[in-house]
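A.B. asks: okay, sequence plus prediction incoming.
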Amino acid sequence: MSSSIIGQPVTRIDGYRKVTGGARYAVDHPLQNVAYGVGVASTMGNGRIVRIDSTAAEKMPGVLAVLHHGNTMPLYHPAGPFEEQSRPGESRPPLADDVVYYYGQFVALVVAETFEQALDAAANVHVEYAAKTPEVSLDSGAPVNPPAAQHSRGDAEAAYQQAAVKVDATYDVPAEMPNPMELHATIAVWDKGRVTLYETSQGVVNHHNVASQVLGMPLESIEVISPFVGSGFGSKLFPWPHSWLAALGARQVGRPVKLVVPRSLMFTTTGHRPHSRQRIRVAAGADGKLVAFMNDVLQHTSTVDDYVEDCVEPTAMLYACPNVNAVQHLVRLNVGTPTPMRGPGRTPALFAIESAMDELAVKLNMDPLELRLRNDAALDQTSGKPWSSKHLREAYQTGADRFGWSKRNPQVGSMRKGDEILGWGLGTCTWPGSRHAASVRVTLLADGTARAVCATQDIGTGTYTVFAQVVSDKTGVPVDKIQVLLGDSALPPGPTSGGSAATATVLPAISEASGSSLPGDPDHAKTGRRGWQQQHQRGS
């Protein structure tokens, strides 16, 4: 039997701190002389600010400042795709101008001695608007050209028209909002030209880079700290306007400022999966072999950012089909910028694709599993190259055997358990297997303990324990003798926790660093680096 701790049941090393209250989330850090910020959100969805009257609010007890576009320091647009790991949630800095782009947009910030005082004063900031009718529906907005994404091979339209069996159906996936238990929040602290941001972030390094660009400060003058994250589901991958508002407020009043986004505004200002509409046209011969597959996608984005929920890629590669056309258009609406959420692109695309495949199976009078097996793609349909790994047929067979698929009766209402009607179905899913760059420093100390550090973060998925397990496996130091420090931009740079890639990214670096560390000599602690990407598929 292997003596390795890898694969064995292990108590999470951060568990004790969490159940005893010792784990400090974004707004839990015990700082002195903290002031409280409350944002004033727009009450209409499109137009301009004519006047902000903060006179009454400024005279209220405990109020330290009321900031708006007319009296704040300048902020800057981040580099976005032009630089690695510098992606914002919303590219427009808050309070940048007098334009209102969506309902719930921050138009002012109140800073006060207590949260209650700030909340009361925010309700007394009066904003006069010149309102316009907002665009809020895919049906009312005009698609943007050129397309945001597209793929074409063969002549899908002609093949569809000549096919024996056809399905033409439209599938809508409504907007969905990630709402993690821990609210989006920031504590900003200015000290002698430096700023520290205590954050809840799925990407500490990315947040650090964007902060440097938005605030116009060198990286060495900014530190982002996020040791524990109460989940994010994608909404905390990138920084949102409240972080910069907290920084503005702290600089203005010369004190730490704590700002928490209320639950209601997490439906408007911290991202969401956009509404998508997909018209699927799929056709097959009498033998079930696909001859044409078309997907026309509409998806909304904001008026300030082009966010693409890529439904084209899975359409192009999932099944073997000689004639494919997939095109995706954005529709600009007066909403906050969307963001990746729990399988971005794949989730809406696969819902539509797999629903259409089921409808095709009904028209063919064919078992839906058999239809998928007949159209399994042996090669990557977009490149013609072999998959680096693919076990989809194996997954189909294993699932069918364990589920008893051969006993399925496809007739509606035919399968029962007592008074319950049972429905059995299947669906295929795909997700890219990615690895990025990471640096890890591991030090073996003279007292027999070890320390592993990295500027990645633990969003509740056990990253602290993964680090400790690998270090223990490589060095023999017991897990309870290993200290793991994460979630601080001052540490060696690590990956964003998104796309199921963080653990796969850090593992080689932890392993290399652990295998090369020297006892008691931090100068010889090894930094491991790895960066590559592979693709895989899985079926369920």
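C.D. replies: Structure's in. What do you need? Numbers count the residues shown, from 1 in each chain.
A.B. asks: please count neighbours and contacts with C-alpha atoms only from this point.
C.D. replies: Fine.
A.B. asks: state the mean pLDDT of stretch 494-504.
C.D. replies: Averaging pLDDT along stretch 494-504 gives 94.
A.B. asks: and what of stretch 282-299?
C.D. replies: Here the average pLDDT along stretch 282-299 is 98.
A.B. asks: before we move on, what about stretch 330-344?
C.D. replies: Stretch 330-344 comes out at a mean pLDDT of 96.
A.B. asks: burial count for residue 194?
C.D. replies: 14 (other C-alpha atoms under 10 Å).
A.B. asks: swap that for residue 417, please
C.D. replies: The burial count for residue 417: 7, using other C-alpha under 10 Å.
A.B. asks: cool, the one 3 residues further on as well?
C.D. replies: For residue 420, the count of nearby residues is 9 (other C-alpha under 10 Å).
A.B. asks: in the sheet, who's paired with it?
C.D. replies: Partner residues in beta bridges with residue 420, using DSSP bridges, are residue 417.
A.B. asks: separation between it and residue 274?
C.D. replies: Distance of residue 420 to residue 274, given as C-alpha to C-alpha, to the nearest Å: 35 Å.
A.B. asks: now swap in residue 126 and tell me
C.D. replies: Shown here: residue 126 relative to residue 274, a distance of 31 Å by C-alpha to C-alpha.
A.B. asks: higher neighbour count, these two?
C.D. replies: Using other C-alpha under 10 Å, the more surrounded residue of residue 126 and residue 274 is residue 274, with 29 against 15.
A.B. asks: residue contacts, that one?
C.D. replies: By C-alpha atoms under 8 Å, 6 or more residues apart in numbering, residue 274 lies in contact with 174, 175, 176, 299, 300, 301, 309, 338, 339.
A.B. asks: how many other residues sit next to the nearest residue to it once chain neighbours are set aside?
C.D. replies: If the residues on either side of it in the chain are set aside, residue 274 comes closest to residue 175, at 4.7 Å by C-alpha to C-alpha, 6 or more residues apart in numbering. Residue crowding around residue 175 was assessed by other C-alpha under 10 Å; the count is 13.
A.B. asks: also residue 479?
C.D. replies: With other C-alpha under 10 Å as criterion, residue 479 counts 22.
A.B. asks: OK, contacts around it?
C.D. replies: 13, 468, 469, 472.
A.B. asks: any idea how far residue 235 is from it?
C.D. replies: From residue 479 over to residue 235 (counting by C-alpha to C-alpha), the distance is 32 Å.
A.B. asks: sorry, back to before: now the contacts of residue 274: which count as buried?
C.D. replies: Neighbour counting with 16 or more other C-alpha atoms under 10 Å marks 299, 300, 301, 309, 338, 339 as buried within the contacts of residue 274.
A.B. asks: mind giving me the domain ranges of the protein?
C.D. replies: 26-132+179-267, 149-176+272-376, 434-539 (automatic domain parsing).
A.B. asks: any regions of the stretch 401-540 of the chain where pLDDT drops low?
C.D. replies: 516-540 (pLDDT under 70).
A.B. asks: would you state the helices of the stretch 301-450 of the chain in chain order?
C.D. replies: With helices called from DSSP state H, counting those that start in this stretch, the stretch 301-450 of the chain shows them at 312-317, 346-364, 368-374, 392-403.
A.B. asks: so which of these is nearest residue 122?
C.D. replies: Proximity to residue 122, assessed across the helices of the stretch 301-450 of the chain by C-alpha to C-alpha, is greatest for helix 346-364 (38.4 Å).
A.B. asks: quick one: pLDDT of the residue nearest to residue 274?
C.D. replies: 97.
A.B. asks: and it, how far from residue 312?
C.D. replies: From residue 175 to residue 312 the distance is 18 Å (C-alpha to C-alpha).
A.B. asks: residue 400 - how many residues pack around it?
C.D. replies: 16.
A.B. asks: roughly how far apart are the residue lying closest to it once chain neighbours are set aside and residue 14?
C.D. replies: Leaving aside its sequence neighbours, residue 400 sits nearest to residue 406 (C-alpha to C-alpha, 6+ apart; 7.4 Å). In this view, residue 406 and residue 14 are 45 Å apart by C-alpha to C-alpha.
A.B. asks: and if you look at residue 150?
C.D. replies: Residue 150 is 45 Å from residue 14, by C-alpha to C-alpha.
A.B. asks: then residue 181 would be within a strand, right?
C.D. replies: No. Applying DSSP: H, G, I helix; E, B strand; the rest coil, one finds residue 181 to be coil, outside a strand.
A.B. asks: using the three-state scheme, assign the residue lying closest to it once chain neighbours are set aside.
C.D. replies: Excluding the flanking residues, the one nearest residue 181 by C-alpha to C-alpha, 6+ apart is residue 230, at 6.1 Å. Using three-state DSSP, the structure places residue 230 in coil.
A.B. asks: how about residue 230, phi and psi?
C.D. replies: As for residue 230, its main-chain torsions (degrees, to the nearest 10) stand at phi -80, psi 50.
A.B. asks: check contacts around the residue nearest to residue 361 when sequence neighbours are not counted.
C.D. replies: Nearest residue to residue 361 in three dimensions, chain neighbours excluded: residue 368, at 5.3 Å (C-alpha to C-alpha, 6+ apart). By C-alpha under 8 Å, 6+ apart, the residues touching residue 368 are 357, 358, 361, 362, 426.
A.B. asks: report the contact partners of the residue sitting nearest the centre point of the chain.
C.D. replies: Per C-alpha atoms, centre = their mean, the C-alpha nearest to the average position across the chain is that of residue 234, at 2.3 Å. Residues near residue 234 by C-alpha under 8 Å, 6+ apart: 178, 202, 339, 340, 341, 342, 498.
A.B. asks: sorry, back to before: out of the buried ones among the contacts of residue 274, which comes closest to residue 225?
C.D. replies: For these, the nearest to residue 225 is residue 339 (22.1 Å; C-alpha to C-alpha).
A.B. asks: which non-adjacent residue is nearest that closest one?
C.D. replies: With sequence-adjacent residues excluded and distances taken as C-alpha to C-alpha, 6+ apart, residue 339 is closest to residue 271, at 4.9 Å.
A.B. asks: which residues in the chain form helices?
C.D. replies: Under the criterion DSSP state H, helices of the chain are mapped to 15-19, 55-58, 115-122, 156-162, 204-215, 241-253, 312-317, 346-364, 368-374, 392-403, 463-475, 502-516.
A.B. asks: now render the ones you listed as a markdown table, adding distance to residue 73.
C.D. replies: Below are the helices of the chain laid out as a markdown table (distance: least, C-alpha to C-alpha, whole Å):
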| stretch | distance to residue 73 |
| --- | --- |
| helix 15-19 | 38 |
| helix 55-58 | 19 |
| helix 115-122 | 20 |
| helix 156-162 | 54 |
| helix 204-215 | 9 |
| helix 241-253 | 7 |
| helix 312-317 | 42 |
| helix 346-364 | 41 |
| helix 368-374 | 58 |
| helix 392-403 | 55 |
| helix 463-475 | 38 |
| helix 502-516 | 36 |
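A.B. asks: for the helices of the stretch 301-450 of the chain, give me CSV that also has distance to residue 137.
C.D. replies: Output for the helices of the stretch 301-450 of the chain, formatted as CSV (distance: least, C-alpha to C-alpha, whole Å):
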stretch, distance to residue 137
helix 312-317, 22
helix 346-364, 18
helix 368-374, 34
helix 392-403, 37
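A.B. asks: so which of these gets nearest residue 182?
C.D. replies: helix 346-364 (24.0 Å).
A.B. asks: tell me the helices and strands packed up against that closest one.
C.D. replies: strand 165-173, strand 276-284, helix 312-317, helix 368-374, strand 428-431 (3 or more C-alpha pairs under 8 Å, 6 or more residues apart in numbering; DSSP states H and E).
A.B. asks: what angle do the longest strand belonging to the chain and strand 165-173 make?
C.D. replies: Across the chain, the longest stretch assigned as strand under DSSP state E is strand 290-301. In terms of direction (axes from the mean of the first three to the mean of the last three C-alpha atoms, to 10 degrees), strand 290-301 departs from strand 165-173 by 20 degrees.
A.B. asks: strand 290-301 to helix 346-364, inter-axis angle?
C.D. replies: Going by the same axes, to 10 degrees, strand 290-301 makes 150 degrees with helix 346-364.
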